[in-house]
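Q: Sharing a model prediction with you, sequence too.
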Amino acid sequence: MLVHGATGFTGKLVCSVLARKEVPFAIAGRNKEKLEALAKSFDGSVAAPVEIAVIDLHQEATIRAALENRKVVCACAGPFIEVGEPILAAAARMGVHYADTTGEQKFVALALSRYRSAAEASGACVVPAMAYEIAPGDWAAHAAAQKLGENPDEINVVYMNQPADGMNDATSRGTKLSMIAMTADGDPRQYLDGELRAEAAAAVVREFASPSGKKMWSVSFPSPESVVVPSHTGAKNVRTFMAMAKSAAKAMQVTRALTPAAMRLFKAPLEKWIAKSSAGPEGASRKASFHILAEATKGSRTERVFISGSDPYGITAELQALFAQHAIAGKIKARGVVAPSVAIAFDDVKAELALTLS
């Protein structure tokens, strides 16, 4: 298997999990010196030297050479809408199973619309967003729809995060860059009346109950669930929400029309500031806890499912490694571009993940 973007924060975590699980892996990226240093860091902890592949995303031949004879590639380099498509395209066409760590709605929609046929024809299983946030949210939505027992009129997925040291310290450099790119893009969508439709972030503000029963204010935001959840639940409407303080939720709703333009104005200086920040959360900051609510409704009936855990980046690394293990063992039966829950059922991995479903 191959880990692309291996020298980034999440890529290094994925490699460490693979080494611990004794899964042979190669690493890829654009910087040969960084790749060599990373490969050397695993000397003595893996059975054989870690192979490196230098990839120029503008040179298709380097991508094909890196993916040749691979069973699976795990893509960890973002922002994905800017740098992710070449690896995804090559994997879909070459029959290489693919998973990535994106949370970018636009990239997941692109994967589905452009590469589903190619992946089906080549025999590849392409799973964008096999990561926290999206995979646990997708599993929760699937479980809520199953409890309902029929196609829901509506599924709402709500993220109730509790950062240990503040949101700034709880996200990686790559996540911050992706968030800026998504906000500046100004094309957020939700799944409404059976299709993806434009809807500004924070257009909807609602209260949802936490596992303890406490009401939490939440704002709608664009996330890949609106792309992947309808395919396996039959839901007519899918929205995603982020819980926050009431004052922040109301402020975001009032300023929603101005936010994309403001982000475009400040995008360059923000990116320069982020480039100087730490690669990602460490220590206590890694231990952010979360609850993800999936609420499925049909008429007057509602079913609720929570997935809870901590250490989102650690879970992401574990998910990538589990996907690789399943692919190498021939356990991935789905083909085409599919949702995380279609590629791997929650029951097949719950024992290996520090997640609880209730």
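A: Ah, there it is.
Q: Could you tell me how far stretch 31-44 lies from the centre of the chain?
A: Offset of stretch 31-44 from its chain centre (Cα atoms, centre = their mean, to the nearest Å): 26 Å.
Q: contacting residues for the residue nearest the centre of the chain?
A: Residue closest to the mean C-alpha point of the chain, counted by Cα atoms, centre = their mean, is Ala129 at 3.2 Å. By Cβ atoms under 8 Å, 6 or more residues apart in numbering, the contact set of Ala129 is 100-103, 108, 135, 138, 224, 228, 340. The way it works is simple: take the backbone N, C-alpha and C, and place the C-beta from them, glycine included.
Q: ok, now Phe42?
A: 15, 19, 50.
Q: switch the cut-off to 7 Å
A: Counting by Cβ atoms under 7 Å, 6 or more residues apart in numbering, Phe42 makes contact with 19, 50.
Q: And it, how far from Gly84?
A: Distance of Phe42 to Gly84, given as Cβ to Cβ, to the nearest Å: 25 Å.
Q: worst-scoring helix or strand of the protein, pLDDT-wise?
A: Here the helix or strand of the chain ranked lowest by mean pLDDT, DSSP states H and E is helix 167-170, holding a mean of 53.
Q: Report all helices and strands that the following helix or strand past it contacts.
A: Downstream of helix 167-170, the next assigned helix or strand under DSSP states H and E is helix 173-185. Helices and strands touching helix 173-185, by 3 or more Cβ pairs under 7 Å, 6 or more residues apart in numbering; DSSP states H and E, are helix 9-20, helix 259-275.
Q: same thing but 8 Å
A: In terms of contacts (3 or more Cβ pairs under 8 Å, 6 or more residues apart in numbering; DSSP states H and E), helix 173-185 is packed against helix 9-20, helix 80-83, helix 105-122, helix 259-275.
Q: now those as a markdown table including mean pLDDT?
A: Putting the helices and strands packed on helix 173-185 into a markdown table (pLDDT from 0 to 100) gives the following:
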| stretch | mean pLDDT |
| --- | --- |
| helix 9-20 | 96 |
| helix 80-83 | 94 |
| helix 105-122 | 97 |
| helix 259-275 | 82 |
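Q: of all those, which gets the most neighbours per residue?
A: Compared across those, helix 9-20 shows the largest average neighbour count, a mean of 22 (mean count of other Cβ atoms under 10 Å).
Q: which residues sit against it?
A: For helix 9-20, the external contacting residues (Cβ under 8 Å, 6+ apart) are 1, 3-6, 25, 27, 29, 38, 42, 45-46, 50, 74, 76-77, 101, 172-174, 279-280, 313-314, 316-318, 320-321, 324.
Q: distance of the residue nearest to Val108 when sequence neighbours are not counted from Glu133?
A: Once flanking residues are discounted, Val108 sits nearest to Pro224: 4.0 Å by Cβ to Cβ, 6 or more residues apart in numbering. As judged by Cβ to Cβ, Pro224 and Glu133 stand 8 Å apart.
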